[in-house]
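Enquirer: Sequence plus the predicted model coming up.
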Amino acid sequence: PLFCLLFFSALVEMQLYVKASPTVIRVPADYPKIQEAIGHANPGDTIQVSSGTYCENLYIDKALTLIGESKENTILDGNGESIVVLVNSTSVAIRGFRIVNGSDGIVLESCSGSVIEQSSMLHLSIGIWLHYSNSNIVSDNIVSDCGWCGVLLCGGSSENNITRNTLNGNGNGLGLTGMNNVIYHNNFIANQNQTM
């Protein structure tokens with residue numbers, strides 16, 4: 001009986017371990033819509049999105065990695081509606097997208113430990129917006145022709161790392177509140193106001 005109990009315990013532990021392993025989900029191969037893939041993903045999973053245009057407004061409420069095939073050809077089109085990508089979770093990574101046609105590109109709301117990188121935001125009101133969000137990384141992005149602000153940190157967003165971004169032709173290049181944010185090696189080009 002003791003041997004059977006130990007054997008059964010080992011099986012249960014192995015099944016739990018298998019279920020906890022991160023999974024790679026592919027769009028559109030596994031799910032046609034990115035939001036559908038997000039809904040089926042478990043925390044820690046990676047969603048890989050093939051090149052193409054995806055007319056969606058995304059909401060991410062779990063720790064995920066969202067990777068576009070290329071920031072030139074993997075396009076998130078917000079249908080002219082509000083926020084294109086709203087993140088309300090910690091440890092979310094987003095890279096490799098071209099984000100267009102919404103009021104705001106990517107918004108981190110009360111997030112920490114998240115990364116936005118190697119993406120482009122074009123013709124929005126705000127390109128990247130950190131709201132009550134601390135200890136995040138925003139790097140190697142191109143934010144162009146955003147009417148109000150390229151990158152905005154507000155609500156006391158602190159200890160964020162804003163590096164190697166190109167902020168070009170925006171109303172305001174960078175808007176900043178909070179403390180101990182690290183901002184370096186960014187290119188400010190032809191913004192109406194470089195900072196505010």
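Expert: Cool, the structure landed.
Enquirer: Please give me every residue in contact with the residue nearest the centre of the chain.
Expert: Central residue of the chain (CA atoms, centre = their mean): residue 94, 3.5 Å from the mean position. By CB atoms under 8 Å, 6 or more residues apart in numbering, the residues touching residue 94 are 66, 85, 87, 106, 114, 115, 116, 117, 119. Yep, even glycine has a C-beta here, placed from its N, CA and C like the rest.
Enquirer: A strand includes the second one, no?
Expert: It stands for residue 85. Yes: counting by DSSP: H, G, I helix; E, B strand; the rest coil, residue 85 falls inside a strand.
Enquirer: in the sheet, who's paired with it?
Expert: Residue 85 has the following beta-bridge partners by DSSP bridges: residue 58, residue 106.
Enquirer: What is the burial count for it?
Expert: If you count neighbours by other CB atoms under 10 Å, residue 85 ends up with 27.
Enquirer: how close does it get to residue 114?
Expert: Per CB to CB, to the nearest Å, residue 85 is found 11 Å from residue 114.
Enquirer: Then the third one?
Expert: For residue 87, the distance to residue 114 under the criterion CB to CB works out to 6 Å.
Enquirer: joint contacts of those two?
Expert: 94, 108.
Enquirer: from the middle of its chain, how far away would stretch 159-168 be?
Expert: Relative to its chain's centre, stretch 159-168 lies at 14 Å (CA atoms, centre = their mean, to the nearest Å).
Enquirer: Check what contacts it and list those residues.
Expert: 127, 130, 133-145, 150-151, 153, 173-174, 178-191, 194.
Enquirer: and it, how far apart are its ends?
Expert: 24 Å (CA to CA, to the nearest Å).
Enquirer: Buried only: go through the contacts of stretch 159-168 for me.
Expert: The neighbour count (16 or more other CB atoms under 10 Å) marks 127, 130, 133-134, 136-144, 150-151, 153, 173-174, 178, 181, 183, 186, 188, 191 as buried among the contacts of stretch 159-168.
Enquirer: Which members of the residues you listed are positioned in strands?
Expert: 127, 130, 137-139, 142-144, 150-151, 153, 173-174, 183, 188 (DSSP state E).
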